[in-house]
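Engineer: Sharing a model that was predicted from the sequence below.
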Amino acid sequence: MTTAPTLAAGFGAEPIPGAELMQIRDVIYKSAGIFHPDNKLRLLWDRCGRRMRELHIPSLREYCDCITTKSTRQAELVALLNEITIGETSFFRNQPQLEALWRVVLPNIIQAKSRLPLRRLRIWSAGCSTGEEPYTLRMLLLEECASQLKDWTTEILATDLNERSLAHAQEGLYGAYSTRNLTPIYRNKYFIPQTDKLQVNALARSNVAFSRLNLSDDSRMTFMKSLDAIFCCNVLIYFDLASKRRVIQHFYNNLLPHGYLFLGHSESLYGVNDDFRLVHLPGATAYIKGERPPVGGRAL
Amino acid sequence: MTTATATQRVLLQKLEGLRHIPTIPAVLAPLLRYLQQPAEKIDVQKVTDILSQDKSLAAQCLQMANSSLFGRAKNVESLRSAVVSLGVHNVSDIAMSCGVLNILPRDQAGLDPVVFWEHSLGCALVCRHLARKINFGDPAKAYLAGLLHDLGIILNLWILPKEFHEAWDLGKADGIPLDEAENRCLGFTHCESGRWLAERWQLPPDLIDVVTYHHSPEKSVEHAALTSLVQLADLLCRMGNLNYGYVEQRQVSLREQSGFPYLAKDFSGLKDLDWARLTFELDGYLEEVHRLVHAIYRA
């Protein structure tokens, strides 16, 4: 019924195999919360093809078995997710999400805090990897939100589990791939050229604090307080459901009442948490804190 | 109309001055009437015969029948095989879509209507998808409702191209919903002009309600569920890629829309619906919707 990609075949013009790929898409969505719409199925097929070549699996049917059979499922899912998210880290990666932040979300946050004496904005990049996301947020706040945030103190907390990634982030030196989306304005204003790379300058580093944090470390998670927004992109996809639920519950507690949680592109909290509520922003989605039913009582 | 409001008076004045109004393609009215009967009574040959009366429409239908958006199983080479392999209601969806795309003349002055066709076709697909997910019962009706909900925009493009262009520019500049911008620039919205056209076309009462109340489904007395379904699908499209050529700069919670409780009351599936997945699925429609609308409207 369907044609599996052969080891030598390209993935360009061939018809996309149906049933197996749909099954793989559903497995990924159910376990990792990341969805591949129809126009991304060719990409998913290509990523499965890479894994199949690696494992010498000749057909998509057999690969589908591999990713659904209990003994091999977890390890293979992680390997496939790595293929899916490879090369995802770059500056200004998710443009619609960033635009929604400065055009809609920030004005909402500013309005919510307008009556408070302390004008402070705290954003957390949870799972910041090599630092492109927190620096992007910092530059965005400096550039697009300067007038909105006049007289405000801004803090960007950037955490990751991986020490090598954090060291890279702190060095702030990036190659052509990560910096490909930078406009000349950002490139000239916030970077110093270093041979064939670009290094983040002092202005873009200001008020960005990196630290090592394991999102599963309950005791440390409770100390992340008073946040206006959390960005946690392509991180929770690797967590099992119970751990994901715990982390999300922490995020809920870490955020201020008007706070926002942003996930990666096509990433969802469906079936993970009922306290957060999905909202639609221009070209993006985010989660806000919904009303909680009273503790120990019945919700009416 | 003795109770005409100021808005309606402005609109009626404009409409009374019209020499021609957009007409629905001739074969679609008998097709729609024929498809109103129970599915088991529908004869495939009869459907094919009705559609074949308009050769250009039939050719466009074949083009659309070969799109992945209509669950194409294999190459569809004739209208009859389209009806057999895709089913009568899918072909009806296709025929209505092609028919609606032919309403406006191609040399229309003012705004390029392509973005509105893309939005309408996208909204129709989302309505059908949403209807299936919540067991709405009549996905074909939901599709048609999504396809026709912005009929008033087509009329506004026709009767007041310059003023409507201004309203669209205002909507885009301020990132506000188009009906708000129309109210400011025209004194009425596409819901009101759409109602006028829907009544002239003698659309069934549920579709007239959709056209009139898709921004305020709570006002629909008898068809609040269908109208609410369109309200939610329309919003999903407008906040995503299948918008009117600009994205509204605001935050929308679908659960807080006025139509949500009307739909949730009768369709319990709505409460547990995975809105995030539905939103991501829309991304997958965009390229194909764009390709189809260009292939058919620009042909």
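Structural biologist: In hand now; what should we look at? Only a predicted model underlies this, so the values are computations on that prediction, with no experimental measurement involved.

Engineer: for the stretch 151-300 of chain A, what spans make up the helices?
Structural biologist: A:163-171, A:184-190, A:202-205, A:218-221, A:241-254 (DSSP state H, counting those that start in this stretch).

Engineer: for A:E132, what are its contacts?
Structural biologist: A:E132 sits next to A:89-91, A:93, A:174, A:178 when contact means Cβ atoms under 8 Å, 6 or more residues apart in numbering or on different chains. All C-beta atoms are positioned from the backbone trio N, CA, C, and that covers glycine.

Engineer: Report the buried residues of the lowest-mean-pLDDT helix or strand in chain A.
Structural biologist: Using mean pLDDT, DSSP states H and E, helix A:70-85 stands out as the lowest-scoring helix or strand of chain A, at a mean of 87. Neighbour-count burial for helix A:70-85 flags A:76-77, A:79-81, A:83-85 (criterion: 16 or more other Cβ atoms under 10 Å in any protein chain shown).

Engineer: now, among those, which is nearest to A:C48?
Structural biologist: A:L80 (6.9 Å; Cβ to Cβ).

Engineer: where's that closest one relative to chain B, distance?
Structural biologist: Remark: distance between A:L80 and chain B (Cβ to the nearest Cβ, to the nearest Å) = 18 Å.

Engineer: Does that residue touch A:R47 like I think?
Structural biologist: Yes - between A:L80 and A:R47 there is a contact at 6.5 Å, judged by Cβ atoms under 8 Å.

Engineer: ok, residue 77 - contacts?
Structural biologist: All of this is about chain A. A:27-28, A:31-32, A:67.

Engineer: wait, chain B
Structural biologist: B:L62.

Engineer: Next, it: secondary structure please.
Structural biologist: coil (DSSP: H, G, I helix; E, B strand; the rest coil).

Engineer: Show the pLDDT at residue 243.
Structural biologist: By default, I'm working from chain A. Turning to A:S243, the model gives it a pLDDT of 95.

Engineer: You answered for a different chain; I wanted chain B.
Structural biologist: 93.

Engineer: any idea how far it is from chain A?
Structural biologist: Distance, B:N243 to chain A, by Cβ to the nearest Cβ: 9 Å.

Engineer: contacting residues around that residue?
Structural biologist: Applying Cβ under 8 Å, 6+ apart to B:N243 gives the contacts B:115, B:119, B:237.

Engineer: Just to check, the first one is in contact with B:V247?
Structural biologist: Which is B:V115. No - using Cβ under 8 Å, B:V115 is not in contact with B:V247, being 11.8 Å away.

Engineer: neighbour count winner among those two?
Structural biologist: B:V247 (21 against 18; other Cβ atoms under 10 Å in any protein chain shown).

Engineer: Spell out the secondary structure type for the more buried one.
Structural biologist: Judged by three-state DSSP, the three-state class of B:V247 is coil.

Engineer: May I have the phi/psi pair for the residue nearest to it when sequence neighbours are not counted?
Structural biologist: Excluding its sequence neighbours, the residue lying closest to B:V247 (Cβ to Cβ, 6 or more residues apart in numbering or on different chains) is A:P282, at 3.9 Å. For A:P282, the backbone dihedrals (degrees, to the nearest 10) come out as phi -60, psi 110.

Engineer: wait, what's in contact with whichever residue of chain B sits closest to chain A?
Structural biologist: Residue of chain B nearest chain A, by Cβ to the nearest Cβ: B:G284 (3.1 Å). Shown in contact with B:G284 (Cβ under 8 Å, 6+ apart): A:37-41.

Engineer: Give me the buried subset of those.
Structural biologist: Buried, going by 16+ other Cβ under 10 Å: A:37-38, A:40-41, out of the contacts of B:G284.

Engineer: and the residues you listed, which of them are in helices?
Structural biologist: Under the assignment DSSP state H, those contribute A:L41 to helices.

Engineer: Stretch A:235-242: which residues count as buried?
Structural biologist: For stretch A:235-242, burial by neighbour count (16+ other Cβ under 10 Å) applies to A:235-239.

Engineer: okay, those in JSON lines with pLDDT next?
Structural biologist: Output for those, formatted as JSON lines (pLDDT from 0 to 100):
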{"residue": "A:V235", "pLDDT": "93"}
{"residue": "A:L236", "pLDDT": "94"}
{"residue": "A:I237", "pLDDT": "91"}
{"residue": "A:Y238", "pLDDT": "90"}
{"residue": "A:F239", "pLDDT": "93"}
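
Engineer: between those, which is closest to A:K289?
Structural biologist: A:L236 (17.5 Å).

Engineer: neighbours around the nearest residue to that closest one once chain neighbours are set aside, how many?
Structural biologist: Using Cβ to Cβ, 6+ apart and skipping residues adjacent in sequence, the residue nearest A:L236 is A:K244, 5.1 Å away. Residues contacting A:K244 under the criterion other Cβ under 10 Å number 23.

Engineer: Check the one 4 residues further on too.
Structural biologist: Using other Cβ under 10 Å, the number of residues around A:I248 comes to 22.

Engineer: Could you check how far the closest residue in space to it that isn't next to it in sequence is from A:R164?
Structural biologist: Nearest residue to A:I248 in three dimensions, chain neighbours excluded: A:N273, at 4.5 Å (Cβ to Cβ, 6+ apart). Relative to A:R164, A:N273 is positioned 31 Å away (criterion: Cβ to Cβ, to the nearest Å).

Engineer: in the stretch 51-200 of chain B, which spans are helices?
Structural biologist: B:55-65, B:79-86, B:88-101, B:114-133, B:139-148, B:151-159, B:161-174, B:178-186, B:190-200.

Engineer: Looking at B:V252 now. What's its pLDDT?
Structural biologist: B:V252 is given a pLDDT of 97.

Engineer: doesn't B:C237 make contact with it?
Structural biologist: No - when contacts are counted by Cβ under 8 Å, B:V252 is not listed as touching B:C237 (11.5 Å).

Engineer: The two: which has the busier surroundings?
Structural biologist: Neighbour count, other Cβ under 10 Å: between B:V252 and B:C237, B:C237 has more, with 26 against 20.

Engineer: Quick check: which element contains the more buried one?
Structural biologist: If you go by DSSP states H and E, B:C237 is part of helix B:224-239.

Engineer: Check which element follows that helix along the chain.
Structural biologist: Downstream of helix B:224-239, the first helix or strand assigned by DSSP H and E is helix B:260-266.
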